[in-house]
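> A structural model of the following input is requested.
(chains A, B, C and D)
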There are 2 protein chains.
Amino acid sequence: MTSEPPPVIWARLSGQGRGPTRTLDHATITDAAIAIADQDGLDAVSMRKVAGRMDHSTMSLYRHIGSKDDLIELMYDAVLGELALPAAPTGQWRADVSALVRDLRRLHHRHPWIGRLGHRPTLGPNSIRVLEHALACVDGLGLDIDGMLDVISTALAFTRGFVQSELGEMEAQQHSGMDQEAYHRHTGPFITQLLSEGTYPYLKRLIQDAEDFPQPDVVFERRLAMVLDGLAATVTARKTSGPTIERASGGQDGGQPAGGTVPTGKGSGR
Amino acid sequence: MTSEPPPVIWARLSGQGRGPTRTLDHATITDAAIAIADQDGLDAVSMRKVAGRMDHSTMSLYRHIGSKDDLIELMYDAVLGELALPAAPTGQWRADVSALVRDLRRLHHRHPWIGRLGHRPTLGPNSIRVLEHALACVDGLGLDIDGMLDVISTALAFTRGFVQSELGEMEAQQHSGMDQEAYHRHTGPFITQLLSEGTYPYLKRLIQDAEDFPQPDVVFERRLAMVLDGLAATVTARKTSGPTIERASGGQDGGQPAGGTVPTGKGSGR
DNA sequence: ATAAGTGATGTACGACGTACACGTCCAGAT
DNA sequence: ATCTGGACGTGTACGTCGTACATCACTTAT
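A predicted model of the protein is given here:
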């Protein structure tokens, strides 16, 4: 009856109909766009450049995607496909979740531009694949689905936040064309000026006592372990007391995404 | 001797010299830009619109800021100034950190566009103020500065990740002009099609069993409590064994940002 | 009084996303 | 075998963006 104006983007791809044989498809376009983003950053991705890289006219892209925003969404989902998810979790939820977020972090390093994305929940095939795997990692622990979501969403939120800061720092450096040491030399005079003018006790301690160039991998593992400790406590608490029960340290109930990249589609199918 | 090409951005503001009296300053420009971003989103912030809102010519802005990127950085720091940080922490680190990240989350709701920012570490006055307060919250627990950084950076990373997903979802909805329920109705048919074509056990459980419209505040509190549980374990472990000691569950050493919004300027002064 | 540097402005350039009007080709109906 | 309508690819064009540059107006240091 009613016409569907934006058909979810992922519900297209239909086969060949009338007209000339296609010389372009989603995969080709997306790959070209990703190549540009990897090489020169997300801002360098323009419809003209994407088309140019494939020796096509700019507007030909619009025969296959609705807008640049759609292309970005395709790019995000495509890149998620690079995650080498195991066929099935090992059953060691902590190791499984660690492996997943580590892989996700590596993905962000390989494609730094995904950090810039708004991360609205997508329904792309790879997004769903990741969702399925992530939830599978925490299945069989005696948690209900909302509890499972809490665990994996929290781990993912931490990872995203960490990586975002990490990439921000990298970008700040290479945006100004300086390496980390040059950046220090550059901001140094301003910081000493700050310290002489005002009183910043912790900034001072940071500069004097903190590790100079910590290895990001080590820092990530250390902090991830802290987060997982917290998740483990919850898992234990909710498990021993069985499913559908009050938790140890938190508030009331409710559940589902709100903070997770998860489609909320209940009650929708007819 | 050597000229400083980008003078840290925060090292300007110099007083009036020769020439006509100023009719513009950083605060005025920044406020106008923030007003536009709050009203119509970050993409609506253009130099022309910012200037227009103050009845000035576009190019007059460039007498006060170096580029649009600089303006964005000013906006971010300015908005951080809205955080109502208490004069001093209460000494209850868990409550203090909770209050800080709750406030930060509210800030993101008030100015959804900050989620889109790259979050490269800034040296703005308010960023430093927040840094000082955050570290003060976890002082006196027997942690060295790197341990303190671990605790607050982890809490902040989780918060940023959570909020990012939260805002992404909101934006997805209002971008398409639908409320949450309409969005469900819209994606519903596609999801049921998915479920009938492939096998997605967890997606199915999500749709069938998960809470429909959980209150975001409740979800945030619940997951935050999980993260803080993990931090608490670390705090206890490192505290009882005294400062400068191996930690409970992690790797070797190292420390400092890498995942935190913290200036790394050690060894820089002179 | 004069010189010098600064604030505001107008014009202009290249790049962007994309609406729209074409031509071109092929699968289905005739 | 022919027709035809929809899909594919393209070129042109419009409005918007960031900002380089030249210019004028003004205030202070000399």
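> name the element whichever residue of the stretch 101-250 of chain A sits closest to chain B belongs to?
At 2.3 Å from chain B, residue A:188 is the closest residue in the stretch 101-250 of chain A, using Cβ to the nearest Cβ. Where you see a C-beta, it was placed from the backbone N, CA and C, and this is true even at glycine. Taking DSSP states H and E as the definition, one finds residue A:188 inside helix A:180-197.
> Buried residues in that helix, which are they?
A:183-184, A:186-191, A:194-195 (16 or more other Cβ atoms under 10 Å in any protein chain shown).
> JSON lines for the residues you listed, including pLDDT?
Converted to JSON lines, these look like this (pLDDT from 0 to 100):
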{"residue": "A:183", "pLDDT": "78"}
{"residue": "A:184", "pLDDT": "78"}
{"residue": "A:186", "pLDDT": "79"}
{"residue": "A:187", "pLDDT": "80"}
{"residue": "A:188", "pLDDT": "80"}
{"residue": "A:189", "pLDDT": "79"}
{"residue": "A:190", "pLDDT": "82"}
{"residue": "A:191", "pLDDT": "85"}
{"residue": "A:194", "pLDDT": "83"}
{"residue": "A:195", "pLDDT": "84"}
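> now the end-to-end length of stretch A:200-220.
The first and last residues of stretch A:200-220 sit 27 Å apart, counting by Cα to Cα, to the nearest Å.
> now swap in stretch A:42-58 and tell me
18 Å.
> With stretch A:38-53 instead?
14 Å.
> what's the distance between residue A:156 and residue B:47?
36 Å (Cβ to Cβ, to the nearest Å).
> Looking at the two, which one has more neighbours?
Under the neighbour definition other Cβ atoms under 10 Å in any protein chain shown, residue A:156 and residue B:47 were set side by side, and residue A:156 has more, 24 against 18.
> Just the element for the more buried one, please.
helix A:145-175.
> Distance-wise, check residue A:89 relative to chain B.
Using Cβ to the nearest Cβ, to the nearest Å, one gets 12 Å for the distance from residue A:89 to chain B.
> show me where chain A has strands.
Remark: no strands are assigned in chain A by DSSP state E.
> packing partners for the helix or strand of it with the lowest mean pLDDT?
Here the helix or strand of chain A ranked lowest by mean pLDDT, DSSP states H and E is helix A:180-197, holding a mean of 81. Packing contacts for helix A:180-197, counted by 3 or more Cβ pairs under 8 Å, 6 or more residues apart in numbering or on different chains; DSSP states H and E, involve helix A:145-175, helix A:201-209.
> Same list, those helices, but as JSON lines with mean pLDDT and distance to chain B please.
Output for the helices and strands packed on helix A:180-197, formatted as JSON lines (pLDDT from 0 to 100; distance: least, Cβ to the nearest Cβ, whole Å):
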{"stretch": "helix A:145-175", "mean pLDDT": "92", "distance to chain B": "3"}
{"stretch": "helix A:201-209", "mean pLDDT": "92", "distance to chain B": "4"}
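> mind checking which of these is nearest DNA strand D?
Ranking the helices and strands packed on helix A:180-197 by proximity to DNA strand D (Cβ to the nearest atom of the strand) places helix A:145-175 first, at 11.7 Å.
> Can you pull the phi and psi angles for the closest residue to residue A:28 other than its chain neighbours?
In space, residue A:28 comes closest to residue A:54 once its chain neighbours are excluded; the distance is 6.5 Å by Cβ to Cβ, 6 or more residues apart in numbering or on different chains. Dihedral pair for residue A:54: phi -110, psi 10, per degrees, to the nearest 10.
> Tell me how far the residue most central in space within chain A lies from residue A:107.
Among the residues of chain A, the one closest to the centroid is residue A:160, at 5.6 Å (Cα atoms, centre = their mean). Residue A:160 is 11 Å from residue A:107, where distance means Cβ to Cβ.
> Check residue A:220 too.
Relative to residue A:107, and taking Cβ to Cβ, residue A:220 is found at 14 Å.
> can you check residue A:196 too?
Applying Cβ to Cβ to residue A:196 and residue A:107 gives a distance of 43 Å.
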